[in-house]
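Enquirer: Fold the following, please.
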Amino acid sequence: MNVMRTNLYIPANNPVFVGKCAKYPADNVTFDVEDAVPPQEKAKARQMAADNLKAAGANGASVYVRVNGWHTEYTNDDLEAVVQPGLDGITLPKTRNADDVKRLDWKISELEARRGIPAGTVKIAVLLETAGHHECLLHLHGQPRIVAAFFGAVDYCCDMRITRTNLAEEQKVARTIVAIAARAAGILALDAPFADYSNMDDFRQNTLDGRQMGFEGRMIIHPSQIAVAHELYSPTEEEVAHARKVKSSLRKRAWPRAWLRSLWTAPWWIRPFIRARSTFWSCTRPFRPRITPEPRNTSARKGIGFTARMN
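Expert: Next up, the predicted model:
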């Protein structure tokens, strides 16, 4: 899965912004043909996005397009225009239920087949931004195209009739639910955009709060936010050094003490590696006793570091 710490949103109808997007070091560039584009410029935005897919990813960024949601009349035309070679994914706004995702998956599959794009190339990120998004959360698991779920703070607060603030106290419950659902589905949890881009102190605190909830990246609406987001969503030098120490211990099979110590002291981002790659039995597989029948009352077979008695 690609790293998506920063997802830079570019209004696809603005030739100046579109032309500059490749020079910014974001992990992902997303051409927006939804909220950033008025109805009379949708066709122009689609064409500009389609024409610049490869250029936007020239420096290694993944390239997505945020289309208009299925509740509008624009979605099918958006997809027909932008699902082309060079596109890495589609972001679906205002995702309401599993049917929205299935419909999008079917349409992408049809366009991939028609245009000679390998099946499964174009991924899906869902945007959960209403009070009713809980219904969709139940169906994130088992959809192979879905790689990420965004929390949409602006529309969520509008739907809830509450005031959106920089420190987002009013969003804690909803943000946490999205992060938990994404983790349960095995996809990335990505945080909402921070509109007050000139207030870097509040942006930093908002991002740190989100990271503690489980978010691994966020929407970015201004290039000045990229460096701070990369810093906060990346491991520190101390965490990297600790991870290397843990990896070295596990390679030397200094078990089980090293494994247990590493599991309790490792930072959050290395624990899945330890659990997935270095569980007790996989760590000690060369020394695991063979489970073979033995005569009753025979002496124990001795392993290295422990004794297994087969009776």
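
Enquirer: Check the gap between residue 183 and residue 141 for me.
Expert: Separation of residue 183 from residue 141 (CB to CB, to the nearest Å) stands at 11 Å. The way it works is simple: take the backbone N, C-alpha and C, and place the C-beta from them, glycine included.

Enquirer: These two: which is more packed in?
Expert: Taking neighbours as other CB atoms under 10 Å, residue 183 and residue 141 compare with residue 183 leading, 15 against 12.

Enquirer: The spatially closest residue to residue 68 that is not a sequence neighbour: neighbour count?
Expert: Among residues not flanking residue 68 along the chain, residue 74 sits closest, at 3.9 Å (CB to CB, 6 or more residues apart in numbering). Residue 74 sits with 19 neighbouring residues when counted by other CB under 10 Å.

Enquirer: Quick one: mean pLDDT over stretch 185-193.
Expert: Model confidence over stretch 185-193, given as mean pLDDT, is 94.

Enquirer: buried sites along stretch 227-234?
Expert: For stretch 227-234, the neighbour count (16 or more other CB atoms under 10 Å) marks 228, 229, 230, 232, 233 as buried.

Enquirer: Give me the contact list for the host helix or strand of residue 159.
Expert: Using DSSP states H and E, residue 159 sits within helix 153-160. Residues outside helix 153-160 that contact it (CB atoms under 8 Å, 6 or more residues apart in numbering): 94, 129-131, 133, 163-164, 168, 170-171, 174-175, 192-193, 195.

Enquirer: Name the nearest residue to the spatially most central residue of the chain, sequence neighbours excluded.
Expert: The centre of the chain sits closest to residue 188, judged by CA atoms, centre = their mean, with a distance of 2.4 Å. Closest residue in space to residue 188, ignoring its immediate chain neighbours: residue 148 at 4.0 Å, by CB to CB, 6+ apart.

Enquirer: and that neighbour, helix, strand or coil?
Expert: With DSSP: H, G, I helix; E, B strand; the rest coil as the basis, residue 148 sits in strand.

Enquirer: is it true that it touches residue 125?
Expert: Yes. Assessed by CB atoms under 8 Å, residue 148 is found in contact with residue 125 at 4.1 Å.

Enquirer: Mutual contacts of those two, please.
Expert: residue 190.
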